[in-house]
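> Next input, structure requested:
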Amino acid sequence: MQIPWLIAYVCSLSVLLPLVLATIQWRKLPIEISPLRWLLVIAPIADISMLTLSRVFKARNLMVGDIFMFIQFSILLYIFSRQFSRKVPFIIFYAGVVIFYIVCFVWPDSVPPLLIGSSAVDGLILIGISIAIFYKLLSELKVMHIHRLPILWIAFATLFYYSGSLFVFLSSNYLEGDREALSYLWMVPNVLNLIKNVLFAIALWQNYKLVKSSI
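From the prediction side, this is the model:
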């Protein structure tokens, strides 16, 4: 088995860690982060679908990936919106991304491939909101130990994943002539997915400890 595929398999399995933690406390997750459990359920289904299409049927799996990225954006945007009293900006952001995806689907040739492949539009929105979450938590300091707040780790996961993915897609333009370097570069999104799942697991573990301490 080639190294890129081996890394892809291992990183895909990393979702099992936060999924197990979410399953253990399925009904005890607070409403602010409860949609995260559905993202963790959908993620392995999307991975299996993409691997089946590419390895078994030798077909393109980009549409499955795009659908998953839209679902992931929707869930994360909803989770972050629960942290703010003003909902109008989030509605505008979501409407804008929905329109963008519709344009990509109906008129794919009118949209630069980079914007589609890198999820640049939804990625930049979530990067900005993640930074706003950090600022909000640090400025308000409602709790002494903010590292125990699950939303902090979800924001970290979002920031690492989307900023790293954006860097990879931007860098790929400069490595088009070097296939070997490009193949290794495309392993980075899988590693970012691994980091994202680990940070999601930390968020769920912190919530588990909060639930246990309140009993």
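> which residues of this structure score low on pLDDT?
Scanning the chain for pLDDT under 70 picks out the ranges 1-5, 54-62, 108-119, 172-183, 215.
> how about a cut-off of 90?
Counting by pLDDT under 90, the chain has low-confidence residues at 1-13, 27-28, 47-67, 69, 97, 99-123, 139-147, 165-190, 210-215.
> what's the distance between Q206 and I31?
16 Å (C-beta to C-beta, to the nearest Å). Every C-beta, even on glycine, is put in place using the N, C-alpha and C of the backbone.
> The two: who's more crowded?
The neighbour count for Q206 versus I31, taken as other C-beta atoms under 10 Å, is higher for Q206 (18 against 8).
> Summarise which helices and strands the helix or strand in which the more buried one is found is packed against.
Using DSSP states H and E, Q206 sits within helix 188-214. Of the remaining helices and strands, those touching helix 188-214 by 3 or more C-beta pairs under 8 Å, 6 or more residues apart in numbering; DSSP states H and E are helix 3-13, helix 16-24, helix 36-51, helix 150-172.
> what comes into contact with the third one?
For helix 36-51, the surrounding residues in contact (C-beta atoms under 8 Å, 6 or more residues apart in numbering) are 8, 12, 15-16, 18-19, 22-23, 26, 29, 61, 64-65, 67-68, 71-72, 75-76, 79, 154, 200, 203-204.
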